[in-house]
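>>> okay, sequence plus prediction incoming.
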Amino acid sequence: MTALFGYQKRDSYFHRLTARAKLLGLIFLTVAGMLSFDARFLVLLTVCAAFALYRSRIRWAEIAWIVWLTIFFAILNLVLIYVFAPQYGVKLFADKTVLLGTGHYALTSQQLFYELLVLLKYAFSLPLTLVFLLTTQPSQLAAGLNRLGVPYQIAYAFSLTLRYLPTIQTEFAMTKKVQEARGYTLGADSSWPNRLLATSRLLLSLVFATLEKVEVISQAMALRRFGKGKRRSWYHAQHMGQQDWLFLLGTIVLLLLSIFLCQQNGGRFWNPFS
Amino acid sequence: METAAIAVRHLSFTYDNRAEKTLDDLSFTLPKASKTLLVGPSGSGKSTLLSLLNGLIGPQQGDLTGTLLINGQDARGQGVLERSLAIGTILQDSDRQFVGQTVAEDIAFVLENEAKAQDELRQAVAEIAALLGLTDLLSSGPTLLSGGQKQRVAMAGVLVGQSPILILDEPLASLDPQTGQELLAVLDRLQAEQGLTILMVEHRLDEVLRTDFDQVLVLQRGQLAFAGTSSAFLQQSDFEEWGLQRPPYVDWLCQSGLALSELVRLDRVDQLVLPARSRLQPLAPLGRPAGAPSPVILAAKDLSFTYGTQPILSHVSLTVHRDEWLALLGRNGSGKSTLARLLAGFLKKQSGQIIFDPEGAAIDSGRLSLGQWARYVGYVSQNPNEMLIGQSVYDEVASGLVRQGLAADQIQERVLAGLRQADLYRYRNWPAIALSYGQKKRLSVLVLAVLQPAVLILDEPTAAQDGPNAQALLQYLATLQASGVTIITVTHDLNLLRHWANRLLLLKDGQLEAGHSAAELFRDPVALAAASLILPSDLLLQQRIEKEQR
């Protein structure tokens, strides 16, 4: 059994915050972090995000694969930047300190520093997103989205998707086994055409199963008056408390700091080389 | 006269894309606070009727004539939302109508859609949860609930909307017999307290008729074939034609030559009064004893399994003999499905050993991939949709053989023979997803049986099927058994246990109790309770008579 990726009911500071505060906070901090190319600020944000992840009581096993996947793509991203624009940092910081090699692909401190900035963007945004996704109960999030002006049909669809994710996962696993038992192996021991055939059969069956489910679920919802009024209420709706406002205040301060630094630096970049 | 909850007069319905009427000139009345049982074979129009009543289909889907009054008002123009104020519907599939993240949220769903204030939601949910014994589960998600609990949540979620009429579509289908009885008792209590009008579709007659009904309606080919009290219903002689299974105690009374019309409370086996000195014929012996002892085909030694930190099976050892039909019993969570999946290789073994043909080839499951093991031991899961891929019926059966690399003419021969055996030959060119549930179920068995495994393991093969379909499946399994296949079924089906299985194994809290014959099981109340079963009605009557004679 692999641990399922999704909300887990636990008790932590972040679990207690309302979904709305967390959503707004995530937006503020993401804007702040995307706006700024000030290494000092990004390090501060990364430290905050790492601390948040630590405090949120998320277990490593639950997030391991997504963290490794992100690290893989981050490294790929950094390599590709270097391949396609090895002197971009030099242009940005209007300075050139060659550390290694010569010519177009010479490694410069400026390029290294620029790539560090890109890495920092990954480093702050991943933990923040993980904290948000794994500590926010989907219904609370749906209620929060609705409160922020998203139509309730869309907000509910989001929560419903997460509700049926485990069901679809187990049914998919079962179908996969059934197909394996019938000779369609997906394992490494079979040839590529076989694997392709097996995978397409599997996806086809998943599509049929899901379509059938969607019809039953939508009927069940209509029978229970979903879509009756312009508005609906939410059992899991939450009210913002002092803690939520304090949390929001903190994120706003960070956002303002990011804007302030932009002004101070005369642009989005802080240049340590000048 | 008080207005009826539902009054239907000369109601006919023809779907837009069909030539013949699905419902043909129906007239019936459901008085307020009454309880009605609606039965009929699949394809008789039951689902269409229910959908017309709750508004899921209407004049948009076809030609609708006649009158339909709900609480005295013409309801033909009302859509599903308006109808839901008067009629609450509990669908057969309680997992798919569970739309909330938690039990509490799911129960509140109707009221949320009414935009009721949050404290009202909390109060209403707390009240209904207390009524149905769900208070401790309010913050649980659907994956943690048993079938019976989900069914109660579904009921709470509809009752909280205060619709005075309740439609239940096969509420017993996914429940074991004992849990089914508990649900029926809860329903009766609620009806008495709240004056609900109930319309229930259910074909497990022997179980559902342990409670009272004011009226029974029989649908056949879109027409009302019978309407009357349950006593009058049981006196009819057309059960076979209706595709229904008459409760066995009534068959027994008939065979013993008693005049059914003269019996008091014929409808309730626990209250039936037999005339003094009436003689009943001896009942046929229970079970189907195996023939001469045959060699062991499958042996499991010391299997243990834990799920997270929770032990599911501990030190289970068993042997299965060639050509026998073995039934695995136990209540929900006893580990019987886990055991079946372990034997089939669908779950990875944690400890112990499973050997195929220990006295001959002695093949250890641990050394083989699932695909290789499945050549010896096949597994049919409960949900046929998990087994089928959406090809034509023929291709669905043939594909496994194509993978084995058989010659084309050989494949054709085997597939067509299999389709005939499973009574699916007529549908060979249909897409598999267009089949009925019962047909899909037989197809899901056939796609494995055609690969000719020596052992076939089936999880709840007869669940959610009506009498004729279940019977057809059992007949098909018996044919397979006669051709040399060993059958293992995980089941709660009373009919399967007493008429088809050769040997029963009872699991209790992850441990194997002693094996039983059907006769021993039905004589042992403790074992019966451990398997979450109830006595078939004829045996119950026999026990009553024996007690009274003592």
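Perfect, thanks for sending it. Numbers count the residues shown, from 1 in each chain, chains lettered A, B, ... in the order given.

>>> elements contacting the helix or strand bottoming out on mean pLDDT in chain A?
Ranking every helix and strand in chain A by mean pLDDT, DSSP states H and E puts helix A:192-223 at the bottom, with a mean of 82. For helix A:192-223, the elements it packs on are helix A:152-181, helix B:80-86, judged by 3 or more Cβ pairs under 8 Å, 6 or more residues apart in numbering or on different chains; DSSP states H and E. C-beta here means a position set from N, CA and C on the backbone, and glycine is covered the same way.

>>> could you redo the last one with a cut-off of 10 Å?
Applying 3 or more Cβ pairs under 10 Å, 6 or more residues apart in numbering or on different chains; DSSP states H and E, one finds that helix A:192-223 makes contact with helix A:152-181, helix B:46-54, helix B:80-86, strand B:87-90, helix B:103-113, helix B:147-159, helix B:393-404.

>>> would you mind listing the outside residues contacting the lowest-mean-pLDDT helix or strand in chain B?
Counting by mean pLDDT, DSSP H and E, the weakest-scoring helix or strand in chain B turns out to be strand B:511-516, with a mean of 84. Here strand B:511-516 makes contact (Cβ atoms under 10 Å, 6 or more residues apart in numbering or on different chains) with B:287, B:300, B:303, B:311, B:313-318, B:326-330, B:334-336, B:339, B:497, B:503-507, B:520-524, B:526-528, B:530-531.

>>> pull out the buried residues from these.
Burial by neighbour count, judged by 16 or more other Cβ atoms under 10 Å in any protein chain shown, picks out B:287, B:300, B:303, B:313-314, B:316, B:318, B:326-330, B:334-336, B:339, B:497, B:503-507, B:521-522, B:527-528, B:530-531 from the contacts of strand B:511-516.

>>> what residues sit buried inside the least confident helix or strand of chain B?
B:512-513, B:516.

>>> go on, stretch B:290-299?
Those would be B:290, B:296-299, for stretch B:290-299 by 16+ other Cβ under 10 Å.

>>> low-confidence bits of the chain, can you list those?
Reading this off chain A. A:1-5, A:185-190 (pLDDT under 70).

>>> if you could check chain B rather than the one you did, that'd help
For chain B, the ranges with pLDDT under 70 are B:1.

>>> which helix or strand contains residue B:359?
Using DSSP states H and E, residue B:359 sits in no helix or strand.

>>> how about the contacts made by it?
B:295-297, B:299, B:322.

>>> measure it to residue B:366 for me?
Taking Cβ to Cβ, to the nearest Å as the measure, residue B:359 and residue B:366 are separated by 19 Å.

>>> do the same with residue B:483
Distance, residue B:483 to residue B:366, using Cβ to Cβ: 29 Å.

>>> how about the residues of the stretch 51-200 of chain A that lie near chain B?
A:137-143, A:152, A:156, A:159-160, A:162-164, A:166-167, A:170-185, A:187, A:189-190, A:194, A:197-198, A:200 (Cβ under 10 Å from any Cβ of the partner chain).

>>> before we move on, the earlier item: from the buried residues of strand B:511-516, which is closest to chain A?
Of all those, chain A sits closest to residue B:512, with 24.3 Å by Cβ to the nearest Cβ.
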